[in-house]
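*Asks:* This is a predicted model, with the sequence first.
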Amino acid sequence: MAGAADKAQAGMTERQKKWFASVQANFATQTGKLMAEWLEILKTCPETTPGKQAAWLKATHGIGVNHAAYILSCAAPGDAPGWDDPDGLRAALWKDPASEAILAALEAIAIDIEGVVVGQRKSFTSFSRSVQFAAARPIKGGKALLGLKLESDPSGRLAAPARRESWSERLTAVVELASPTDVDHQVRHWFVQAAERG
């Protein structure tokens, strides 16, 4: 049976694995404190949700997004799915069967593209080659939002994001998908184009 670290890295590209190892190895040097100290500091945070706690760490202590995510993952209760439980993260995020069916349709495209790694994060599912080129997250009503490493198109179907997403800033276009049938020839084409850039 693979260890927790091996399971956590199963959904990462080699480049992402090296980056994550670097974040862990250089954490104390880059942040100026050991993890135990950051966990004590986090206990003083007035916020209760991870997004607001990360913003508080940045505003109050100058901690960047990646280091904040690492601190929060170490502070998470043992029963909440973490990086070492991608299946648990997926199940927690994609609760709505209609949204999950859209994700399955996107994963079916990814399987056909050489070198694509599907990774699970707390708030989205990532698709990477050397870098992340696409990500999807469920949205209300059994829908999903797909972000792609592409420019928006004049038709308006592939648009600029309406808000800042938690996935890579490289994903500069989004398309809302209402059902698995929306993962059509055009979406497949966009997905392949974005994969060629990642």
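*Replies:* In hand now; what should we look at? Quick caveat: nothing in here was measured; it's all calculated off a predicted structure.

*Asks:* same for the longest helix seen in the chain, what does it pack against?
*Replies:* Longest helix of the chain, by residue count under DSSP state H: helix 97-111. Helices and strands touching helix 97-111, as assessed by 3 or more C-beta pairs under 8 Å, 6 or more residues apart in numbering; DSSP states H and E, comprise strand 125-128, strand 132-139, strand 143-148, helix 185-197. From N, CA and C alone the C-beta is placed, and that goes for glycine too.

*Asks:* redo that, cut-off 7 Å
*Replies:* strand 132-139, strand 143-148 (3 or more C-beta pairs under 7 Å, 6 or more residues apart in numbering; DSSP states H and E).

*Asks:* Let me have the ones you listed in CSV, adding mean neighbour count, mean pLDDT and distance to L93 as columns.
*Replies:* Listed next are those as CSV, based on neighbours: other C-beta atoms under 10 Å; pLDDT from 0 to 100; distance: least, C-beta to C-beta, whole Å:
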stretch, mean neighbour count, mean pLDDT, distance to L93
strand 132-139, 24, 96, 6
strand 143-148, 24, 98, 11
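
*Asks:* closest one to R170 among these?
*Replies:* R170 sits nearest to strand 132-139 of all the helices and strands packed on helix 97-111, at 6.6 Å, using C-beta to C-beta.

*Asks:* Hmm, L177 is touching A144, no?
*Replies:* Yes - here L177 reaches A144: they are 4.8 Å apart, a contact under C-beta atoms under 7 Å.

*Asks:* What strand or helix carries R163?
*Replies:* Using DSSP states H and E, R163 falls within no helix or strand.

*Asks:* Please shift the residue numbers so they start at 45 in all later answers.
*Replies:* Done: numbering now begins at 45, and the last item shifts to R207.

*Asks:* Quick check, pLDDT for it.
*Replies:* Listed pLDDT for R207 reads 88.

*Asks:* Tell me how many other residues crowd it.
*Replies:* Residues contacting R207 under the criterion other C-beta atoms under 10 Å number 5.

*Asks:* show me the contacts for it.
*Replies:* If a contact means C-beta atoms under 7 Å, 6 or more residues apart in numbering, then R207 has no contacts.

*Asks:* Swap in 10 Å and give it another go.
*Replies:* V218 (C-beta atoms under 10 Å, 6 or more residues apart in numbering).
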